[in-house]
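Novice: With the input below, show me the fold.
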Amino acid sequence: MSTDTGIDPDRKFAAVCGLYCPGCTLYIGSTEEPGRLAGIAGRFGVTVEEARCYGCRSDVRSFYCQACEIRKCADKRGVEFCAYCADYPCDMLKQFQAERPHRAELFEAGARIREAGWGQWFGEVRKRYTCPQCLAINSAYDLACRKCGHRPGSPFAEKHREQIAAVLERSVRSSKE
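Specialist: Model (predicted):
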């Protein structure tokens, strides 16, 4: 089953927590925009190779994803997705969800994975990150489409625009300091 965006619903693109890997700025930088990846690596003080990521379950994961305690927990408990865990949603996942705007829909994702299965969820969630104009997949932080400039860059960015804009503003301020 191939999607209209050309990304097959491969588990390596579906994070155990319920995040959609192709909508991650690290994934986009790793697969399409090397300048984006270099910028992120510079901000975090890591090499481009340490920032490179091809998905939660892939062999190439970023410095951040390699250290993910949530994935380690899921592996230890033998669950494919956190949503299948008896303790879902646990305190660790609640804290993770609350930290950044791109995680705002994490619990909705978990509920949908449990209800419809991860393959169905994958097809649905990709639409949340897809530009309505040109069908490019954007990160949660792309308020305008990275390919055609359409605003909003995706339904996700439209819904969470204020929170995303606040994070981007803080990031700009801290980079100037």
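
Novice: pretty sure Gly23 contacts Gly153?
Specialist: No. The pair Gly23 / Gly153 is not scored as a contact, 10.3 Å apart, by Cβ atoms under 8 Å. All C-beta spots, glycine's among them, are computed from the backbone N, C-alpha and C.

Novice: buried ones in the longest helix seen in the chain?
Specialist: For the chain, the helix that runs over the most residues, judged by DSSP state H, is helix 161-176. Across helix 161-176, burial judged by 16 or more other Cβ atoms under 10 Å covers 164, 167.

Novice: Which strands and helices lie in contact with it?
Specialist: Of the remaining helices and strands, none touches helix 161-176 by 3 or more Cβ pairs under 8 Å, 6 or more residues apart in numbering; DSSP states H and E.

Novice: Contacts for that helix, please.
Specialist: Contact partners of helix 161-176, identified using Cβ atoms under 8 Å, 6 or more residues apart in numbering, comprise 43, 100-102, 104, 140-141, 143, 152, 157.

Novice: How many neighbouring residues does the nearest residue to Thr47 once chain neighbours are set aside have?
Specialist: Nearest in space to Thr47, with sequence neighbours left out and distances taken as Cβ to Cβ, 6 or more residues apart in numbering, is Ala41 at 6.1 Å. Ala41: 20 surrounding residues under other Cβ atoms under 10 Å.

Novice: ok, and for the strand or helix carrying Ala41, which residues are buried?
Specialist: Using DSSP states H and E, Ala41 sits in helix 34-44. Within helix 34-44, the residues that qualify as buried are 36-37, 39-41, counting by 16+ other Cβ under 10 Å.

Novice: so what does it touch, helix or strand wise?
Specialist: With contacts taken as 3+ Cβ pairs under 8 Å, 6+ apart, helix 34-44 sits against helix 25-31, helix 48-51.

Novice: Nearest to Arg126, out of these?
Specialist: Checking the helices and strands packed on helix 34-44 against Arg126 by Cβ to Cβ gives helix 25-31 as the closest, at 12.4 Å.

Novice: which outside residues touch the closest one?
Specialist: Here helix 25-31 makes contact (Cβ under 8 Å, 6+ apart) with 13, 21-22, 35-40, 51-55, 60, 62, 64-65, 137-142, 146.

Novice: Same check on stretch 104-111?
Specialist: Applying Cβ under 8 Å, 6+ apart, the contact partners of stretch 104-111 are 17-20, 81-83, 88-89, 93, 96-97, 121, 125, 128, 156, 160, 163.

Novice: Centroid-nearest residue for the protein?
Specialist: Cys24 (3.7 Å; Cα atoms, centre = their mean).
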